[in-house]
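S.K.: the following comprises the amino acid sequence and a computationally predicted model.
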There are 2 protein chains.
Amino acid sequence: MCMQHKLDYPQKQFEHAIVAVDVVIFTILDSQLSVLLLELKEAPLTGKWALPGGLVRVDEDCDQAVARHLQEKANVSDIYTEQLFTFSAIDRDPHGRVISVSYFTLAPQDKLHPQTTPRYQGIALHPLSRLPDLAYDHRQIIDTALSRLRSKIEYTNVVYSLLPKEFTLTQLQSTYEVILGRPLDKRNFRKKILSLGLVKSLDRTTAGLAHRPAQLYAFINRKPTFANIL
Amino acid sequence: MCMQHKLDYPQKQFEHAIVAVDVVIFTILDSQLSVLLLELKEAPLTGKWALPGGLVRVDEDCDQAVARHLQEKANVSDIYTEQLFTFSAIDRDPHGRVISVSYFTLAPQDKLHPQTTPRYQGIALHPLSRLPDLAYDHRQIIDTALSRLRSKIEYTNVVYSLLPKEFTLTQLQSTYEVILGRPLDKRNFRKKILSLGLVKSLDRTTAGLAHRPAQLYAFINRKPTFANIL
DNA sequence: CCAAAAGTGTTCAGTATACACCCATGG
DNA sequence: CCATGGGTGTATACTGAACACTTTTGG
């Protein structure tokens, strides 16, 4: 995170670097992989966008700081959260020496309730394909997060965090396709997913749509689990 | 790292956490995967062992801090280094609020020249199978590093950092076996390694040993490269 | 009856695994 | 000649990839 976010942060010289967290919140919005961003207000970064985050308090660890900032800025809790990388370039924040422990999270779009606050000009989900001008090294953080997410979904079940409790196999497949940025073969994908035993079919189907109803499925286990998915 | 390491560090209360690096230096000693540890001198941790590391200065980033501490404590440079995880539990260091950005490195045993310094009682390589009593959360850091190393060698060529420039295929295989903790099939291993084109055979063999001489090989590319090795 | 998404198997190629004997050297 | 590690090939099972048509519903 960046001192810019914290108006109440003392602007004196520090003997040592201070620690903040920055969080890449991924979600799928309109079939696009998107991230939550905040628009900065103060010069010289007015109009640039930044990841949600903030300082780590002396009475909390980084995971707790992430949970707190997620609650404050996106009003979201209980989503998949994983530490990503620690960025420590000396000049990454022009306002002072701030080391950022970055995280990425996955949330279904309907769990995110961005809170506008007077500290920022705006808050919005942006598709990765059209990111606005980003502050600090946040572009690099997002790139790192995307690359980690892409490899992670190949060997774990973490996509459960991006989907509603009940979903169709087509929704599941398209989640994979959006993240990986390439199409997958329908028959091979279904065969593989079903053979892994990670999902169970519910005795219900979609209805009211102008095409054949689809069987609904749910993850048997909504905990991070390893499996060779792709 | 731990304030304990830095006698010159002021023992006052900090407004914020301070940042240190801790480094797991892996090497192979007597066919055992080992780590470099320092024996602490001061109460209440006298006799406990700790990873090399130290504070991050305000004029350096974490990578530079790691290089500096490696140079000071193990007199080693130019080895494979990778950021591992950031540990931030509030009580991980009883002397103060220190967040540790941990790293792991790989070095051939003959590149390590541990320096005894008056600050520590001892410095030594310890096989992972018989670790001494460790200070702070360093046991957890080592466990995390081992687990990362094990998965990393399956899909990259990083073991080149543990081997001398020239090596036999048996040496290479036994490096894998020591890290993974399980035996590998000799014929399948050789077939796979040679088919990947990561190593080239030199026109030289071992000599002077009481058995058939072995062909010497070298890595074509001593840079981290991806490949499905296992 | 048209549009739209759901659902379903087989073939082929490539890769992983299991497995045992002879070779070259020093002592 | 013995001990020690070096070096080699084949058969089988499994997995990943390619590929096209029929079904069910709403409008």
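M.R.: Arrived safely, thanks for sending.
S.K.: name the helices or strands packed onto the lengthiest helix in chain A?
M.R.: Across chain A, the longest stretch assigned as helix under DSSP state H is helix A:138-155. Counting contacts by 3 or more CB pairs under 8 Å, 6 or more residues apart in numbering or on different chains; DSSP states H and E, helix A:138-155 is packed against strand A:18-29, strand A:80-87, strand A:98-106, helix A:169-180. All C-beta atoms are positioned from the backbone trio N, CA, C, and that covers glycine.
S.K.: which of these is buried the deepest?
M.R.: Counting by mean count of other CB atoms under 10 Å in any protein chain shown, strand A:98-106 has the highest mean neighbour count of the helices and strands packed on helix A:138-155, with a mean of 26.
S.K.: what lines up beside that one in the sheet?
M.R.: In the sheet, strand A:98-106 lines up against strand A:18-29 (parallel), strand A:80-87 (antiparallel) (DSSP bridges).
S.K.: returning to that earlier point: tell me the mean pLDDT over the longest helix of chain A?
M.R.: Regarding helix A:138-155, the rounded mean pLDDT is 97.
S.K.: the closest residue to DNA strand D within chain A in helix, strand or coil?
M.R.: Taking CB to the nearest atom of the strand, DNA strand D has its nearest neighbour within chain A at residue A:212, 2.8 Å off. The three-state label given to residue A:212 by DSSP: H, G, I helix; E, B strand; the rest coil is coil.
S.K.: hmm, back to that, which one of the helices and strands packed on helix A:138-155 lies closest to DNA strand C?
M.R.: helix A:169-180 (3.1 Å).
S.K.: break chain A into its domains for me.
M.R.: Chain A breaks down into these domains under automatic domain parsing: A:5-139, A:155-219.
S.K.: so residue A:17 versus DNA strand C, what's the distance?
M.R.: When distance is defined by CB to the nearest atom of the strand, to the nearest Å, residue A:17 is 43 Å away from DNA strand C.
S.K.: check contacts around that residue.
M.R.: Shown in contact with residue A:17 (CB atoms under 8 Å, 6 or more residues apart in numbering or on different chains): A:88, A:97, A:98, A:99, B:18, B:19, B:56, B:58.
S.K.: which member of those is positioned nearest residue B:148?
M.R.: Taking CB to CB as the measure, residue B:148 lies nearest residue A:88 of the contacts of residue A:17, at 19.1 Å.
S.K.: burial of the nearest residue to residue A:113 once chain neighbours are set aside, as a residue count?
M.R.: Nearest non-adjacent residue to residue A:113, counting by CB to CB, 6 or more residues apart in numbering or on different chains: residue A:75, 4.2 Å away. For residue A:75, the neighbour count with other CB atoms under 10 Å in any protein chain shown is 12.
S.K.: ok, residue A:75 to residue A:27 distance?
M.R.: 13 Å (CB to CB, to the nearest Å).
S.K.: anything in contact with each of these two?
M.R.: In terms of CB under 8 Å, 6+ apart, residue A:75 and residue A:27 are both contacted by the residues residue A:112.
S.K.: thinking the residue nearest to residue A:113 is in contact with residue A:117, fair?
M.R.: No - the criterion here is CB atoms under 8 Å, and residue A:75 misses it with residue A:117 at 10.8 Å.
S.K.: chain A against chain B: which residues are in contact?
M.R.: Residues of chain A lying near chain B by CB under 8 Å from any CB of the partner chain: A:14-19, A:55-56, A:58-63, A:83, A:85-86, A:88-90, A:97, A:99, A:101.
S.K.: who in chain A is up against DNA strand D?
M.R.: Within chain A, the positions lying close to DNA strand D (CB under 7 Å from any atom of the strand) are A:185-188, A:192, A:207-213, A:228, A:230.
S.K.: low-scoring pLDDT stretches of chain A, where are they?
M.R.: For chain A, applying pLDDT under 70 flags the ranges A:1-14.
S.K.: kindly report the residues of it close to DNA strand C.
M.R.: A:168-170, A:186-188, A:190-191, A:205, A:209-215.
S.K.: filter those to the buried ones?
M.R.: Buried members of the residues of chain A next to DNA strand C, scored by 16 or more other CB atoms under 10 Å in any protein chain shown, are A:168, A:169.
S.K.: which one among the residues of chain A next to DNA strand C gets closest to residue A:44?
M.R.: Using CB to CB, residue A:170 is the member of these that lies nearest residue A:44, at 46.6 Å.
S.K.: what's the closest non-adjacent residue to the closest one?
M.R.: residue A:214 (6.3 Å).
S.K.: SS state for residue A:35?
M.R.: Residue A:35 - assigned by three-state DSSP - is strand.
S.K.: how about residue A:164?
M.R.: Following three-state DSSP, the label given to residue A:164 is coil.
S.K.: so how far is residue A:124 from it?
M.R.: To residue A:124, residue A:164 is 22 Å away according to CB to CB.
S.K.: try residue A:169
M.R.: For residue A:169, the distance to residue A:124 - CB to CB - is 31 Å.
S.K.: list phi and psi for the nearest residue to residue A:30 once chain neighbours are set aside.
M.R.: Nearest non-adjacent residue to residue A:30, counting by CB to CB, 6+ apart: residue A:127, 7.7 Å away. Reported as degrees, to the nearest 10, the phi and psi values for residue A:127 are phi -70, psi 140.
S.K.: for residue A:127, which residues make a bridge with it?
M.R.: residue A:34.
S.K.: what does residue A:82 give?
M.R.: residue A:104.
S.K.: can you name the residues that contact residue A:199?
M.R.: Going by CB under 8 Å, 6+ apart, residue A:199 touches A:172, A:193, A:217, A:218, A:219, A:220.
S.K.: repeat for residue A:18
M.R.: Contact analysis of residue A:18 by CB under 8 Å, 6+ apart lists A:55, A:96, A:97, A:98, A:99, B:16, B:17.
S.K.: now residue A:22
M.R.: Counting by CB under 8 Å, 6+ apart, residue A:22 has contacts A:1, A:50, A:51, A:52, A:53, A:87, A:100, A:101, A:102, A:103, A:138, A:141.
S.K.: what distance do you get for the residue of chain A closest to DNA strand D to residue A:164?
M.R.: Residue A:212 sits 20 Å away from residue A:164, going by CB to CB.
S.K.: which of the strands paired with strand A:98-106 sits closest to residue A:69?
M.R.: Closest among the strands paired with strand A:98-106, once you apply CB to CB, is strand A:18-29, at 6.5 Å.
S.K.: send the alpha carbons of that closest one over as CSV?
M.R.: What follows is strand A:18-29 as a C-alpha-only set of coordinates in CSV (Å, rounded to 0.1, in the frame of the first residue of the first chain):
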residue,chain,number,x,y,z
ILE,A,18,7.3,0.5,7.2
VAL,A,19,5.1,-2.3,6.1
ALA,A,20,1.8,-2.3,4.3
VAL,A,21,-0.4,-4.8,2.5
ASP,A,22,-1.9,-4.4,-1.0
VAL,A,23,-4.6,-6.7,-2.3
VAL,A,24,-5.5,-7.8,-5.8
ILE,A,25,-9.2,-8.7,-5.6
PHE,A,26,-10.1,-10.8,-8.6
THR,A,27,-13.7,-11.4,-9.6
ILE,A,28,-15.5,-12.2,-12.8
LEU,A,29,-17.7,-9.4,-14.1
